[in-house]
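Asker: Build the 3D model from these lines:
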Amino acid sequence: MALLCCLAIFCLALLQSSHSAVIMSMRNHHNTHHHSSGPMIHTNQTTCAMFAGTWVQDDSYPMYQSSECPLIIDPEFNCQMYGRPDSEYLKYRWRPLNCELPRFNGVEFLLKMKGKTVMFVGDSLGRNQWESLVCLIYSAAPQTQTQMVKGDPLSTFSFLDYGVTLQYYRAPYLVDIDMMEGKRVLRLEEISENSQAWLSADVLSFNTGHWWSHTGGLQGWDYMESGGKYYKDTDRLAALEKGMRTWANWVDKYIDTTRTRVFFLSISPTHYNPNEWNGGATPTTTKNCYGETSPMTVSGVVYPGTTYPDQMRVMDSVIREMRNPPFLLDITMLSELRKDGHPSIYSGDLSPGQRANPARSADCSHWCLPGLPDTWNQLFYTTLLF
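Answerer: Just a heads-up that it's a prediction; the model follows:
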C-alpha cells in the first residue's frame, strides 16, 4: 500500500508540475471535445487524470489470448508464441488516480463505430496499436465476417458485418520520403504523397518519434531536403520540428474536425538502459529489458535517457500552436513503468543465434501482444466513445 501511495503522489505531482507540458497539453486538448459519460468515467481531464495512476494486478487480464488472433499479430509482437516463459506481465490493469476506465468492449466498439474507418498513421508502434485494436475487437466478435489485406504502406482489417474498417498506414516520419537517383530523400516540408490516403478516415491516430534519432543502418533516409537544399544530416530535433509543423499545417488546413476525430500518440519509451529503473545500482542479470517480469516501481525511475523528453517538448510545442489540436493520447509515463512488456528475445523476427545473445538482440522498443498497447486502446476507446 505504501508503494501505491507513493506512486499516486508521484503521478499527481507530475500532473501538477510545470515540467509536465505534455500531460498538461493533453488536458487542454481534451477539453475541446464533449461526450456523455458513463458511471465512474470522468472524461473532463480536470477531474479525471486518465494518464496518471498505477498498475494493479488483475487476474481477469489479458483481454484476449494471442491464439484468438493468430493471423493478425506479427511475429515480432507474438511473445507467447515465440517462447516467452512468464505470463504475469499480462495480468496488469491501468488504474487512474481518481476514476475507473471502462473495460474494452469490442462489440460496443463495432456498434458505435458502424460504417466508420479508423486509421493509425506512423511507425511500427502505430502498427503495434493497430494490431492490438484488431485483436481486442475480433476476440469479442469472432463470428463476424472479416477481411484483411496487409500491404505497404497501407494495411486494412475490415469487420464486414458492421462496415467498420481499421487501417494502418506506414509513415514513420509522417512527412514524405521520395526516391531521387537511387537515394531516399526525407522531404521535411512535403506531405502530399502520404496524406492523400488519410483524408477518407473518420478517426485518425498519428505517431512519430523513434525514427528521427536512428543512425547508421537503422536510418530511414540518405538525404534530408528543406527549402530546396539537401543535407547529409542536420540537427535531428530541428528536423523533427520542421516535419511536425508540416504535418500540423496539413491537419489544420485539410481536416474538418466536425467530421474527423484526430489523436496523437505520445512517445512510446524504450528500456535499453537499466539505470532508468534500478536507481543506479549495477544490474545483476541484464543490460536491457531481457529478464524483466514486473512493472517498474517509482523509486529510481529516470525517464528516459536524453532523446525522448526533447522530442516530447518539440511535439508539445507544435501541437499547442495548432488551430485544431489533436487529442494527445499521453501514454509515455504509464508505458515507462512497463519495462516488463517488451518482446525482448521472444520475437519471431530473431534467429536462434540472436535469441542466444539478448545483450545485443533484445527488442526493448516494441511491445508484446497481448500486452501494453491493449491499455493504449482502452484509453483510446474511453476517449473516443465516452
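
Asker: Leu110 is in what secondary structure piece?
Answerer: helix 106-112 (DSSP states H and E).

Asker: avg pLDDT for that helix?
Answerer: Average pLDDT, helix 106-112: 98.

Asker: Okay, buried residues for that helix please.
Answerer: 106, 109-110 (16 or more other Cβ atoms under 10 Å). Backbone N, C-alpha and C define where each C-beta goes, glycine included.

Asker: Turn the residues you listed into JSON lines, including distance to Asn357.
Answerer: Formatted as JSON lines, those follow (distance: Cβ to Cβ, whole Å):
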{"residue": "Gly106", "distance to Asn357": "39"}
{"residue": "Phe109", "distance to Asn357": "41"}
{"residue": "Leu110", "distance to Asn357": "43"}
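
Asker: just curious, which of those is nearest to Leu350?
Answerer: Gly106 (30.8 Å; Cβ to Cβ).

Asker: Distance check, the closest one against Gly227.
Answerer: Per Cβ to Cβ, to the nearest Å, Gly106 is found 47 Å from Gly227.

Asker: Tell me which residues touch Tyr272, please.
Answerer: Tyr272 is in contact with 287-289, 364, counting by Cβ atoms under 8 Å, 6 or more residues apart in numbering.

Asker: again, only this time at 6 Å
Answerer: Tyr272 is in contact with 288, 364, counting by Cβ atoms under 6 Å, 6 or more residues apart in numbering.

Asker: Shouldn't it be within a helix?
Answerer: No - using DSSP: H, G, I helix; E, B strand; the rest coil, the assignment for Tyr272 is coil, not a helix.

Asker: If I look at it, what pLDDT would I see?
Answerer: pLDDT for Tyr272: 92.

Asker: cool, and Met1?
Answerer: 45.

Asker: give me the number of residues near the residue nearest to Asp222 when sequence neighbours are not counted?
Answerer: Distances taken as Cβ to Cβ, 6 or more residues apart in numbering place Lys183 nearest to Asp222, at 4.2 Å, with adjacent residues excluded. By other Cβ atoms under 10 Å, 11 other residues sit near Lys183.

Asker: how close does Lys183 sit to Glu225?
Answerer: Separation of Lys183 from Glu225 (Cβ to Cβ): 11 Å.

Asker: The residue nearest to Asp222 against Met224, yeah?
Answerer: No - under the criterion of Cβ atoms under 6 Å, Lys183 makes no contact with Met224, lying 11.1 Å away.

Asker: Show me where the stretch 51-200 of the chain has its helices.
Answerer: With DSSP state H, counting those that start in this stretch as the criterion, the stretch 51-200 of the chain has helices at 106-112, 124-140, 192-195.

Asker: Would you mind finding the most buried of these?
Answerer: The highest mean neighbour count among those, using mean count of other Cβ atoms under 10 Å, belongs to helix 124-140: a mean of 24.

Asker: A helix includes Phe264, no?
Answerer: No - using three-state DSSP, the assignment for Phe264 is strand, not a helix.

Asker: That one against Phe327, yeah?
Answerer: No - with contacts counted by Cβ under 6 Å, Phe264 stays clear of Phe327, the gap being 7.3 Å.

Asker: Would you agree Val118 is in contact with Val203?
Answerer: Yes - using Cβ under 6 Å, Val118 is in contact with Val203, at 4.3 Å.

Asker: more neighbours, these two?
Answerer: Neighbours were counted for Val118 and for Val203 using other Cβ under 10 Å; Val118 has more, 23 against 17.

Asker: That one bridge partners, please.
Answerer: Beta-bridge partners recorded for Val118 (DSSP bridges): Leu166, Val203.

Asker: Offset the numbering so it begins at 338, please.
Answerer: Fine by me, first position is 338 from now on; the one you just mentioned is Val455.

Asker: Lovely, talk soon.
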